[in-house]
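Trainee: Kindly generate the corresponding structure for this input.
(one chain, ligands or ions: 1)
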Amino acid sequence: MTNRRNFLSGAGAITGALAAASVSKVAMAALPEPVTQTTPNTMPPLMPASGRPYNPVVTLNGWTLPWRMNNGVKEFHLVAEPVVREMAPGFKANLWGYNGQSPGPTIEVVEGDRVRIFVTNKLPEHTSVHWHGQRLPNGMDGVTGLTQPAIRPGKTFVYEFVARRPGTFMYHPHADEMTQMAMGMMGFWVTHPKAEHPLIEKVDRDFVFLLNAYDVEPGSATPKIMTMLDFNLWSWNSRIFPGIDSLNVRLNDKVRIRIGNLTMTNHPMHLHGHEFLVTGTDGGPTPRSTRQYEVTADVAVGQMRQIEFLADEEGDWAFHCHKSHHTMNAMGHDVPTLIGLDHKDVARQITNLVPDYMVMGERGMADMGEMEMPIPDNTARMMTGEGPFGSVEMGGMFSVVKVRRNQKPGDYSNPGWFKHPKGTVAYELDGPAPETSRQGDAGAAAMPAQNMPAKNIEVQIRKPGNGHSGH
Ligand SMILES: [Cu+2]
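Mentor: Below is the predicted model:
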């Protein structure tokens with residue numbers, strides 16, 4: 001896609017079909033200083049200081065890669081390298097990533113931008129970068145062996161193309177993929193529209209994250225790379241609950257959340273308290289005729305989904321994968337179901353595996369969330385996260401959308417727990433529970449009035465579709 005103007009500009013312009021390695025000498029002499037990030041905190045949006053204006057996204061527990069303009073070309077420098085990622089407080093994993101973190105930094109550009117990305121390989125093996133979902137010259141597609149030679153350790157390649165269509169994309173290696181994705185090599189890419197777009201709404205908050213998964217044995221720190229399906233850590237941006245930041249928004253904000261799935265299974269993403277529309281995929285904005293209100297959207301393997309909703313209900317709303325074992329952290333496998341069983345023999349077996357293992361599961365597994373069971377060093381608790389009412393009993397792919405009246409526009413800080421208005425929290429019934437009566441028993445068709453709760457709570461009825469005008 002190199003046009004004559006770019007060629008004549010002499011800014012290290014590269015013809016798309018040419019192998020990047022053979023043309024990069026001039027550019028490499030002056031490649032942009034790589035920027036690294038090591039804090040796992042969610043970084044504030046990176047406001048564009050050069051190039052076309054846009055409304056930046058916020059990467060959950062991540063950041064956006066700064067760029068420099070070079071004769072009208074946006075230049076980025078990605079460094080593929082081993083990193084240490086704190087996946088949750090008290091639990092660090094040895095991963096591979098880009099620029100100090102896994103996932104790598106989010107790349108944000110504007111539709112029509114000419115983009116040049118330098119990729120330096122500091123891994124112990126070769127790699128490449130595939131720009132998932134992009135329209136680009138075939139030789140820039142990053143498939144090792146097919147469209148380019150592998151980037152050997154210590155080498156730098158240059159990719160260059162025009163970000164032709166706006167949307168939600170990602171990047172990842174197309175070289176020894178099973179290892180490199182199992183180790184955390186991936187990143188988000190957003191191409192913002194250059195002008196008002198009939199299918200792309202303006203939003204107040206725009207969050208992005210990738211779904212990823214690891215198999216890290218309790219007590220160790222390096223993922224097992226031969227695992228195909230049986231992962232034990234289900235993460236967003238290589239973080240697991242309670243290590244995933246909440247998504248903090250202002251009441252009545254229009255909120256967009258973009259999600260990409262680079263795990264080996266699908267994830268039905270479920271939002272409480274609101275309905276959303278799927279407004280885009282990695283194929284671009286969805287036609288309006290296809291949009292319907294949902295509270296769960298499945299994100300299949302290798303897919304991206306962007307959802308949008310009006311945050312018009314105050315509170316702390318759970319947002320999570322609906323596969324219940326994806327909202328748990330590492331646990332031993334092959335643990336039998338213990339509910340209602342005499343546990344003594346099983347306890348003896350488990351104790352052989354983990355000394356001081358607490359007997360779990362006689363009454364379900366909720367005990368695991370509450371009690372202080374000894375676990376090996378550097379292991380995330382299976383289900384945890386303290387909430388205002390006790391243990392949340394969640395791990396993995398779980399976070400909270402915090403909708404607050406007083407959250408300032410552009411403020412992404414955590415407002416703390418929701419303060420519920422009086423009379424709006426589920427409450428314990430005083431006195432003994434009523435006798436159970438079976439349906440069909442004589443005289444048991446209707447619940448006796450004396451068993452109804454004594455207190456009255458205010459019930460708010462909201463008509464479906466209200467509050468969505470202009471959404
Ligand atoms: Cu899931």
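
Trainee: switch to C-alpha atoms for all contacts and neighbour counts from now on
Mentor: OK.

Trainee: Reduced to three states, what does Lys194 come out as?
Mentor: coil (DSSP: H, G, I helix; E, B strand; the rest coil).

Trainee: which residue packs closest to it, ignoring adjacent ones?
Mentor: Leaving aside its sequence neighbours, Lys194 sits nearest to Glu111 (CA to CA, 6 or more residues apart in numbering; 5.2 Å).

Trainee: Just the residues contacting stretch 323-332, thanks.
Mentor: The contact list for stretch 323-332 (CA atoms under 8 Å, 6 or more residues apart in numbering) reads 216-218, 232-234, 240-241, 267-268, 320-321, 379-383, 394-398.

Trainee: Identify the residues contacting the residue nearest to Lys194.
Mentor: 163-166, 191-194.

Trainee: Ranking by neighbours, what's the top pick from those residues?
Mentor: Counting neighbours by other CA atoms under 10 Å, His192 leads the contacts of Glu111 with 25 neighbours.

Trainee: Can you tell me how far the nearest residue to that one once chain neighbours are set aside is from Ile259?
Mentor: Leaving out its chain neighbours, the residue that sits closest to His192 by CA to CA, 6+ apart is Val110, at 4.6 Å. Distance, Val110 to Ile259, using CA to CA, to the nearest Å: 19 Å.

Trainee: And the strands in the stretch 1-150 of the chain?
Mentor: For the stretch 1-150 of the chain, the strands defined by DSSP state E, counting those that start in this stretch occupy 58-59, 68-70, 73-88, 91-98, 107-110, 114-121, 130-132.

Trainee: Dump those to TSV, plus mean pLDDT.
Mentor: Putting those into TSV (pLDDT from 0 to 100) gives the following:
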stretch	mean pLDDT
strand 58-59	98
strand 68-70	94
strand 73-88	96
strand 91-98	95
strand 107-110	98
strand 114-121	98
strand 130-132	98
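
Trainee: Quick one: closest of those strands to the ion.
Mentor: strand 73-88 (16.7 Å; CA to the ion).

Trainee: The closest one packs against which elements?
Mentor: Here strand 73-88 touches strand 68-70, strand 91-98, strand 114-121, going by 3 or more CA pairs under 8 Å, 6 or more residues apart in numbering; DSSP states H and E.

Trainee: Tell me how many other residues crowd the residue of the stretch 351-471 of the chain found nearest the ion.
Mentor: Of all residues in the stretch 351-471 of the chain, the one sitting closest to the ion is Met397 (6.7 Å; CA to the ion). Residues lying near Met397 (other CA under 10 Å) number 33.

Trainee: now the helices: where do they sit in this structure?
Mentor: Listed in chain order, the helices of the chain (DSSP state H) span 4-9, 25-29, 177-182, 344-353, 367-370.

Trainee: got a list of what the residue of the stretch 351-471 of the chain closest to the ion touches?
Mentor: 234-236, 240-241, 320-321, 326-328.

Trainee: which stretches of this structure have low pLDDT?
Mentor: 1-29, 331-375, 382-383, 440-471 (pLDDT under 70).

Trainee: For it, what lies in contact range of the ion?
Mentor: Within the chain, the positions adjacent to the ion are 267, 321, 326 by CA under 5 Å from the ion.

Trainee: re earlier: in strands, which of the contacts of stretch 323-332 fall?
Mentor: Those of these mapping onto strands are 233-234, 267-268, 320-321, 394, 398, per DSSP state E.

Trainee: Scan the residues you listed and report the most crowded one.
Mentor: Leu233 (29 neighbours).

Trainee: Could you measure from that residue over to Thr156?
Mentor: If you measure Leu233 against Thr156 using CA to CA, the figure is 32 Å.

Trainee: now Pro40
Mentor: Noted for Pro40: a distance of 26 Å to Thr156, by CA to CA.

Trainee: Perfect, that will be all.
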